[in-house]
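In: What follows is a predicted protein model with its sequence.
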2 protein chains.
Amino acid sequence: MTVRALHHYDEIGLLSASERTPAGHRRYTERDLRRLYRVRALRALGLSLEEIAGVLDGAADDPESMRELLTAQLRRLDEHAELIGMLRRRIRGLLRQAGDSSGPDPDRLMTTLELMSVFETYFTEEQRERLAERRNALGGEGVEAAKHEWAGLVEEGLRLVESGVPAEDERARDLVRRWDALAGGFHPDGADGERTRAAARRMWQDNSAEIGGSLPWPVERMAGLVAYLEQARQAG
Amino acid sequence: MTVRALHHYDEIGLLSASERTPAGHRRYTERDLRRLYRVRALRALGLSLEEIAGVLDGAADDPESMRELLTAQLRRLDEHAELIGMLRRRIRGLLRQAGDSSGPDPDRLMTTLELMSVFETYFTEEQRERLAERRNALGGEGVEAAKHEWAGLVEEGLRLVESGVPAEDERARDLVRRWDALAGGFHPDGADGERTRAAARRMWQDNSAEIGGSLPWPVERMAGLVAYLEQARQAG
DNA sequence: GCTTGAACCTCACGCCGGGGGAGGTCGTAG
DNA sequence: CTACGACCTCCCCCGGCGTGAGGTTCAAGC
């Protein structure tokens, strides 16, 4: 213990020496010392000084409130552990990606970070949970396959746009149907799914440059494609 | 994000709007926004604003420092998780004890807390580790058996003291030998063990009232017994 | 008795990551 | 023209102490 901590406990009224020497030095009695031991032990378990004061003052002979406090603390620790586990998984994922690439894009880690933030800005927590569920259901290879398929759709769409096929054409509308079906693998069905898809579109529109930068196609071509798909969707 | 947080980032120089309207309102450009996304993502991973500033300013195109920072953070999270695990085990142990007792001593939880603190005051960390090892080696029943045996020794000692047998008597010295042999099951051998035993004695002498309060025998009788044992130890 | 160094006292500011409010200005919709 | 919201600056607040500044007091050694 440092002296300063004892002074602090004194200031907030948690533990004050019940005697003073004539010169004003704090004299801690044996009772004070026992209280100090309790304070220290409870602090070491992660409780706040306020909670400690509460349980030591309010219910000296009530072990029930003590049990409640400890179970509450256990719950908090569980939540904390879960949060830490999540952060560890995320960081490990980022490090794996950083280790993998080593390719032509040294800025990819940063871009991923930006996307993480954007993602959390545009989707609510429950939407993110559903997306994660879907992703888990598809499995690692499923997600990879979907990415591959999507790349094919993008290529196809870019060819349609650049060869001047109008958005009302059946080929464009068919592409939109396949596009949305593919997206359906990630977005849930029904009204919730519609909201998720709307969020995805908002995210794309507000951040197309951002997202486009992380894609293997030039941003402006992608932007054109998205506008084209939107037209085709209206038409069909 | 709250406005106040943006102001804070501005104050500490982490992120400031690169433009202002004539009226003085902050205008965040797209570059600012990208920086903000990075800041938010890194903060969400648990990094401090200072670390974030360091990695964003110092090494914009150096993914190596980024990897280092993330691995360091991973280590910190691991340590944190370990600490949390320890606290959870301790609290669960306390709750188990509190659930068990329900007996005549409602203050036992508090006493245990005091002893935790005393224990950590009087033993160094390595000593505590060795004690825990020994305890594990003995196993749950071993510890219970030792407690039982110790209770027998205490009873025996109290009888010796109160029937006036001198400390130099062979029966007292024999008791001391068995006492120390029993303690040897918890304390390591050799010089380290001697230090641990010395720490245990110091702890006892400074806190006999404290420890005695948690024992099923009156404190003053125990204190007398300990003095008696010390005499016998000197004698034999 | 005197000195000296350690330990104590009070008072007050600092840290981190912002929260919240007071008191005032700006922007825009009806 | 008038609301009403959004923004501005300035300043104090939280927890759990750390770290001084500047001044007593205590215990040991001469």
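Out: Good, I have the coordinates.

In: going forward, measure contacts and count neighbours with C-alpha atoms only.
Out: Noted.

In: and A:Arg38, how many neighbours?
Out: When neighbours are counted by other CA atoms under 10 Å in any protein chain shown, A:Arg38 registers 24.

In: Sticking with it, tell me its helix or strand.
Out: helix A:30-44 (DSSP states H and E).

In: So that helix, near chain B or not?
Out: Yes - using CA under 8 Å from any CA of the partner chain, helix A:30-44 comes into contact with chain B via A:34, A:37-38, A:40-42.

In: And stretch A:127-144, by the same measure?
Out: No - judged by CA under 8 Å from any CA, stretch A:127-144 and chain B are separated, with a smallest distance of 15.6 Å.

In: Correct me if wrong, but A:Glu79 is in a helix.
Out: Yes - counting by DSSP: H, G, I helix; E, B strand; the rest coil, A:Glu79 is part of a helix.

In: Report the separation between it and DNA strand D.
Out: Relative to DNA strand D, A:Glu79 is positioned 18 Å away (CA to the nearest atom of the strand, to the nearest Å).

In: count of neighbours near that residue?
Out: Counted by other CA under 10 Å, the residues lying close to A:Glu79 total 12.

In: cool, and A:Val176?
Out: A:Val176 has 22 neighbours, counted by other CA under 10 Å.

In: doesn't A:Thr29 make contact with A:Arg20?
Out: No - the pair formed by A:Arg20 and A:Thr29 falls short of the contact definition of CA atoms under 8 Å, at 10.1 Å.

In: ok so, going back, which among the residues of helix A:30-44 next to chain B are in contact with DNA strand D?
Out: Filtering the residues of helix A:30-44 next to chain B for proximity to DNA strand D by CA under 7 Å from any atom of the strand leaves nothing.

In: Dump these into JSON lines; add pLDDT as well.
Out: JSON lines is the format used below for those (pLDDT from 0 to 100):
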{"residue": "A:Arg34", "pLDDT": "87"}
{"residue": "A:Tyr37", "pLDDT": "90"}
{"residue": "A:Arg38", "pLDDT": "90"}
{"residue": "A:Arg40", "pLDDT": "93"}
{"residue": "A:Ala41", "pLDDT": "91"}
{"residue": "A:Leu42", "pLDDT": "93"}
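
In: Columns distance to B:Ala181 on top of those, output as TSV?
Out: Formatted as TSV, the residues of helix A:30-44 next to chain B follow (distance: CA to CA, whole Å):
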residue	distance to B:Ala181
A:Arg34	31
A:Tyr37	30
A:Arg38	32
A:Arg40	33
A:Ala41	31
A:Leu42	34
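
In: which of these lies closest to B:Ser163?
Out: Closest to B:Ser163 out of the residues of helix A:30-44 next to chain B is A:Arg34 (33.7 Å), distances taken as CA to CA.

In: sorry, back to before: close to DNA strand C, is the helix holding A:Arg38?
Out: No - applying CA under 7 Å from any atom of the strand, one finds helix A:30-44 separated from DNA strand C by no less than 13.5 Å.

In: residues of that helix that come out buried?
Out: A:32, A:34-42 (16 or more other CA atoms under 10 Å in any protein chain shown).

In: want to throw the residues you listed into CSV with distance to A:Met116?
Out: Shown next, in CSV, are these (distance: CA to CA, whole Å):
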residue, distance to A:Met116
A:Asp32, 51
A:Arg34, 50
A:Arg35, 48
A:Leu36, 46
A:Tyr37, 45
A:Arg38, 44
A:Val39, 42
A:Arg40, 40
A:Ala41, 40
A:Leu42, 38
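
In: Would you point out the most distant pair within those?
Out: Maximum distance among the buried residues of helix A:30-44 (CA to CA): 15.4 Å, for A:Asp32 and A:Leu42.

In: What is the subsequent helix or strand relative to the helix or strand where A:Thr111 lies?
Out: Counting by DSSP H and E, the element that carries A:Thr111 is helix A:108-122. Following helix A:108-122 in sequence order, the next helix or strand is helix A:125-162 (DSSP H and E).

In: chain center to that next one, what's the gap?
Out: 21 Å (CA atoms, centre = their mean, to the nearest Å).

In: Can you pull out the low-pLDDT segments for chain A?
Out: By pLDDT under 70, the low-scoring segments of chain A are A:59-61, A:100-108, A:123, A:138-140, A:143, A:184-186, A:188-189, A:199, A:201-223, A:236.

In: Please identify the residues of it in proximity to chain B?
Out: So chain A meets chain B at A:34, A:37-38, A:40-42, A:45-46, A:61-63, A:67, A:70-71, A:74, A:77, A:81, A:84, A:87-88, A:90-92, A:95, A:98, A:106-107, A:109-110, A:113-118 (CA under 8 Å from any CA).
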